[in-house]
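[1] how would this look folded up:
(one chain, ligands or ions: 1)
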Amino acid sequence: MPDQDVNNLERRCPRLGSDISFRYCLLSGEDDGPCFKILDCWWEYFDVADYLRQNMPAAAFAELIRTAEQPKNKIGSIIDIARRAQEKTS
Ligand code: SF4
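    Below you'll find the predicted structure:
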């Protein structure tokens, strides 16, 4: 799938409860990187793992895989994503 088509994809975010674009998911994680749930949220829409593997530095992709495998506290996760959203709007 071409990058432009991927960036225009939308889905309901299980953490925010609203529709968001794949582009947001790419930038809503630590240090403006991908959200730690990006693999879990998008695998049904397209081959997100392959897309990220091709578009991220190998070390960053490996870190994303490692982070995605760690369980996260739900409240901590909501606070985290809300904080990042607030940082992006201020
Ligand atoms: S990847 Fe993160 S920001 Fe994107 S839909 Fe999933 S939980 Fe929400």
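[2] From here on, just use CA atoms for contacts and neighbour counts.
    OK.
[3] Is there a neighbour count for K37? I'd like the number.
    For K37, the neighbour count with other Cα atoms under 10 Å is 18.
[4] That one contacts Q70, doesn't it?
    No: at 10.4 Å, K37 does not count as touching Q70 under the criterion of Cα atoms under 8 Å.
[5] Can you report how many residues lie near E10?
    17.
[6] Same check on D31?
    Other residues close to D31 by other Cα under 10 Å number 8.
[7] same deal with A59?
    Per other Cα under 10 Å, the neighbour tally for A59 reads 10.
[8] and it, backbone torsions?
    Per-residue torsions, A59: phi -70, psi -40 (degrees, to the nearest 10).
[9] Which residues outside the lengthiest helix in the chain are in contact with it?
    The residue-count maximum for a helix in the chain (DSSP state H) belongs to helix 74-89. Residues from elsewhere that reach helix 74-89, judged by Cα atoms under 8 Å, 6 or more residues apart in numbering: 15-16, 28-29.
[10] Please pick the buried ones from these.
    Buried members of the contacts of helix 74-89, counted by 16 or more other Cα atoms under 10 Å: 28-29.
[11] Output the contacts of helix 74-89 as TSV; include the columns pLDDT, secondary structure and distance to D50.
    Output for the contacts of helix 74-89, formatted as TSV (pLDDT from 0 to 100; DSSP: H, G, I helix; E, B strand; the rest coil; distance: Cα to Cα, whole Å):
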residue	pLDDT	secondary structure	distance to D50
R15	92	coil	23
L16	93	coil	25
S28	91	coil	19
G29	89	coil	19
